[in-house]
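Q: Pasting the sequence and the predicted coordinates here, then a few questions.
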Amino acid sequence: MENKNLFQNLYLKQFNESNAIAYNERFVSGSSDYNFQLLDNAYRNAGRTYAKLKIAIETNSCMSEDCALELTGIKNLEESPKASLDFLSSLIAELSVTEESSFDPNNNYKYTAANSLMNGRPGFSKTDGYQAYLDLLPDGSQQIVFLGPAFETPLVINSAALNALLESDTSLVVSTPDINKDMLKLLTEVGLFAQEMISENGELASGAKITEEYVMMNTDGSFDYEIIDLGNGKGRNVLKYDLEKIEKKVTPFINAEVAGLMSSEQDVIAAWNVYISKDTSVEEDAQMAQNANAGDTSWIYELDLPLQQDKKVLFEIKYKEYFMNNYLKQFTTNQLPTVKEDAAVFDLAEAKKAKAQKFLDDNDLN
Amino acid sequence: MVPAIIGGAFSVAAGLFGSSAAKRRAAEQKRERDRLKNKLNNLENSRQEIINPYEGITNLSELATNLSSQMSNPFANLSVATSAAEMKIEEADLALANTLDTIRATGGGAGGATALAQAALKSKKGVAASIEMQEKQNEDKRAAGEQQLQDKQLAEERRMQGIAMSEGQRMQQADVAGKQFVFSQTENRQMQELDRTASLLGAANQAYAQSQSDQTGAMTGMLGSLAGIAGGL
């Protein structure tokens, strides 16, 4: 089944980033009305309503006993301007996530459309068939309604519901964790690199090497090299690493990192969909433009939260693979010897002959 | 464009976007803080147990092997050489019988027979004395051998225990030192990571507090501008 959010979000992303609208003559020739005037419209009758309530109380002509409803209405109206600003700023903050480069297109696409409208993007004006209203509700809460071609059905967000979500550390639109930043940092924390390989800003210094504790050695204490073929009969030694020992060393630190991510399961799904599931980076996704994200292996926020244990375990396994393949591997492959004389390019045939002779010598086979 | 969408004064719309940016930062800082808290908890929970490097120390006395059971007293089973004595007695008895036959054939009297019996008795007494002397010599040799054996057994036991104890102590000390090294290295690295994460958590807390303060500032600025929109409520 096609993932509608994925399709629509990628379409909107492409639409906003492609500049295609600049080549649309109808758009260029006409004027676009972005005059949504959310606050003006919401408070147009607020003054009159406030006056009516005040008069009812002062003239003792309230509809409710002891003027309870009228007093509540006045209190709500007095508090509503601040509440409106608070609500709109929270909403804008949430919707802005849709503009992040690592945004997970499995989020509800209506929020992407709403963000385009709130930012006055070309193609999302009243002229293009869009509308937005802010309503002050009798219970003191407020709601914003978005309508238009991209929405199919109206998108309604209530201020009380949004507040409750944010108070419980839940996002309306989840921001994908910066896995690249986390993993670069993790590299310095896993204990494979000596302290002097880590710069003051906490990043690995250029040319950093894994400590010799994890390099394979021969029984006589010399390095156990792997010979790589450079072509034209030439070869070169590279270090061999004890990958099992390395994995054993890094695993507890990776587990701690994953445990940190698990503090928000939304974040875990976003990281899974954007990076971990298919071992891809945001740049690769951008190049492929379409479903290069998790695609059909995406986890769906509406269906997969709360995360089941099997998914948590799978995430941990794949997170580790992602770290090992994309970040650590570069330090365990094609590393030149630290012993200068072993680092030189040599004749491959001679090296093979010498190696065979050494084997004969070592095993008394001469 | 933005004031048209939001409505109201320009400063309100601009303030809204400023406030939302502060909120976004606050949310990110809070998320980072929660992430670091969980990470710190995990690191603390997965810290290695405090070890007792001496817990493997055992009583080494069992390592000593007692070889004394393989030793024996070579004089323990010496036999008395009785065959020669038995032969002598047999010869004496045979001579007595021959003499008695001769006395009977020659018609000898009772006096001759008595003298003969006395001679035979004397001969047997000599044999008995010889056996007794041999037994005494054997007993002396057995005692001396036993003494030697016990001395050797004791020396061997001491030697074996000495070797076993010193080697056992060496191995146990190496084991203790190894455990202490691994523990302290692991502890150092885990503590470094714990310290680093705790310090990051402190920074995230500060950043969160700052972003909340920014939010309040932005909101206060906007409220002043909003009075006009609300129609002087």
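A: Happy to help now that I have it. Computed from a prediction, not measured in an experiment: that's the story for all the values here.
Q: and the longest helix for chain B?
A: Scanning chain B for the longest helix, with DSSP state H as the assignment, gives helix B:110-226.
Q: Touching, A:Ala56 and A:Met63? I think so.
A: Yes: A:Ala56 lies in contact with A:Met63 (C-beta atoms under 8 Å); the separation is 7.2 Å. The way it works is simple: take the backbone N, C-alpha and C, and place the C-beta from them, glycine included.
Q: what about those two, which has more around it?
A: A:Ala56 (19 against 10; other C-beta atoms under 10 Å in any protein chain shown).
Q: Now do the more buried one against A:Leu77, distance only.
A: 13 Å (C-beta to C-beta, to the nearest Å).
Q: A:Ser18 now?
A: 45 Å.
Q: same thing with B:Gly178?
A: Distance, B:Gly178 to A:Leu77, using C-beta to C-beta: 76 Å.
Q: So which of the two has more stuff around it?
A: Legend: neighbour count by other C-beta under 10 Å for B:Gly178 and A:Leu77, higher for A:Leu77 (20 against 11).
Q: How about the contacts made by the spatially closest residue to A:Gly148 that is not a sequence neighbour?
A: In space, and not counting its chain neighbours, A:Gly148 is closest to A:Tyr130: 3.4 Å by C-beta to C-beta, 6 or more residues apart in numbering or on different chains. Shown in contact with A:Tyr130 (C-beta atoms under 8 Å, 6 or more residues apart in numbering or on different chains): A:117, A:124, A:146-150.
Q: One more pass at 6 Å, please.
A: With contact set as C-beta atoms under 6 Å, 6 or more residues apart in numbering or on different chains, A:Tyr130 has these partners: A:117, A:124, A:148.
Q: Need the nearest residue in space to the first one, chain neighbours excluded.
A: Spelled out, that is A:Leu117. A:Phe124 (4.5 Å).
Q: so that neighbour makes contact with A:Met118?
A: No: assessed by C-beta atoms under 6 Å, A:Phe124 is found out of contact with A:Met118, at 8.8 Å.
Q: Same drill for those two, tell me which one is more crowded.
A: Using other C-beta under 10 Å as the criterion, A:Phe124 and A:Met118 rank with A:Phe124 on top: 28 against 25.
Q: If I look at A:Gln357, what pLDDT would I see?
A: For A:Gln357, the pLDDT comes out at 83.
Q: swap in the one 4 residues further on?
A: We note a pLDDT of 83 for A:Asp361 in this prediction.
Q: tell me which element it falls in.
A: Per DSSP states H and E, A:Asp361 falls inside helix A:348-362.
Q: pLDDT below threshold where in chain A?
A: Within chain A, the stretches with pLDDT under 70 are A:1-2, A:279-295, A:366.
Q: 80 instead?
A: A:1-3, A:7, A:11, A:13-33, A:278-296, A:355, A:359, A:362-366 (pLDDT under 80).
Q: Spell out which residues belonging to it are near chain B, please.
A: Within chain A, the positions near chain B by C-beta under 6 Å from any C-beta of the partner chain are A:34-40, A:43, A:47, A:50, A:77-78, A:81-82, A:85, A:88-90, A:92-93, A:120, A:189, A:191, A:252, A:256, A:259-260, A:263.
Q: And the buried ones among the residues you listed, selectable in PyMOL?
A: What follows is the PyMOL syntax for the buried subset of the residues of chain A next to chain B, where burial is set by 16 or more other C-beta atoms under 10 Å in any protein chain shown:
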select buried, chain A and resi 34+36+37+38+39+43+50+77+81+85+88+89+90+92+93+189+191+252+256+259+260+263
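Q: Excluding chain neighbours, what is closest to A:Thr332?
A: Once flanking residues are discounted, A:Thr332 sits nearest to A:Tyr241: 4.4 Å by C-beta to C-beta, 6+ apart.
Q: quick one: that neighbour and A:Phe331 touch, right?
A: No: the criterion here is C-beta under 6 Å, and A:Tyr241 misses it with A:Phe331 at 8.3 Å.
Q: May I have the secondary structure class of A:Ala150?
A: coil (DSSP: H, G, I helix; E, B strand; the rest coil).
Q: Give me the neighbour count for the nearest residue to it once chain neighbours are set aside.
A: In space, and not counting its chain neighbours, A:Ala150 is closest to A:Ala113: 3.9 Å by C-beta to C-beta, 6+ apart. Using other C-beta under 10 Å, A:Ala113 is surrounded by 26 other residues.
Q: tally of neighbours for B:Ala21?
A: Neighbour count for B:Ala21, taken as other C-beta under 10 Å: 18.
Q: And for B:Asp151?
A: Around B:Asp151 there are 10 residues (other C-beta under 10 Å).
Q: and what of A:Thr59?
A: 8.
Q: what about it, distance to chain B?
A: 20 Å (C-beta to the nearest C-beta, to the nearest Å).
Q: Quick check: nearest residue in space to A:Asn16, chain neighbours excluded?
A: Once flanking residues are discounted, A:Asn16 sits nearest to A:Arg121: 6.0 Å by C-beta to C-beta, 6+ apart.
Q: so where's chain B shaky on pLDDT?
A: Within chain B, the stretches with pLDDT under 80 are B:1-15, B:46-132, B:160-161, B:164-165, B:167, B:171, B:178-194, B:196-201, B:204-205, B:207-233.
Q: can you map out the strands along the stretch 101-250 of chain A?
A: A:131-136, A:142-147, A:155-158, A:226-231, A:234-238 (DSSP state E, counting those that start in this stretch).
Q: To B:Lys37, which of these lies closest?
A: Set against B:Lys37 and scored by C-beta to C-beta, those come closest in strand A:155-158, at 29.4 Å.
Q: Got the phi and psi for the residue in the stretch 101-250 of chain A that chain B sits nearest to?
A: Proximity of the stretch 101-250 of chain A to chain B (C-beta to the nearest C-beta) peaks at A:Gly120, 3.9 Å away. Here is the backbone geometry of A:Gly120 (degrees, to the nearest 10): phi 60, psi 40.
Q: which residues sit against stretch A:182-202?
A: Contacts of stretch A:182-202 (C-beta under 6 Å, 6+ apart): A:204-205, A:208, A:210-211, A:249-250, A:253, A:257, A:323, A:327, B:189, B:193.
Q: Could I have the buried ones of those residues as ChimeraX selection syntax?
A: Of those, the buried ones can be selected in ChimeraX as follows, counting by 16+ other C-beta under 10 Å:
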select /A:204,208,210,249,250,253,257,323,327 /B:189,193
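Q: Tabulate the contacts of stretch A:182-202 in a markdown table, adding columns for distance to B:Ile89.
A: Output for these, formatted as a markdown table (distance: C-beta to C-beta, whole Å):
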| residue | distance to B:Ile89 |
| --- | --- |
| A:Leu204 | 107 |
| A:Ala205 | 109 |
| A:Ala208 | 105 |
| A:Ile210 | 98 |
| A:Thr211 | 95 |
| A:Lys249 | 93 |
| A:Val250 | 97 |
| A:Phe253 | 99 |
| A:Glu257 | 105 |
| A:Phe323 | 104 |
| A:Tyr327 | 106 |
| B:Arg189 | 95 |
| B:Glu193 | 100 |
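Q: My guess is A:Leu77 contacts A:Tyr50. True?
A: Yes: counting by C-beta under 6 Å, A:Tyr50 is a contact partner of A:Leu77 at 5.0 Å.
Q: Would you quantify the distance from the residue in the stretch 1-150 of chain A that chain B sits nearest to to B:Gln192?
A: Nearest residue of the stretch 1-150 of chain A to chain B, counting by C-beta to the nearest C-beta: A:Gly47, 3.3 Å away. Distance, A:Gly47 to B:Gln192, using C-beta to C-beta: 63 Å.
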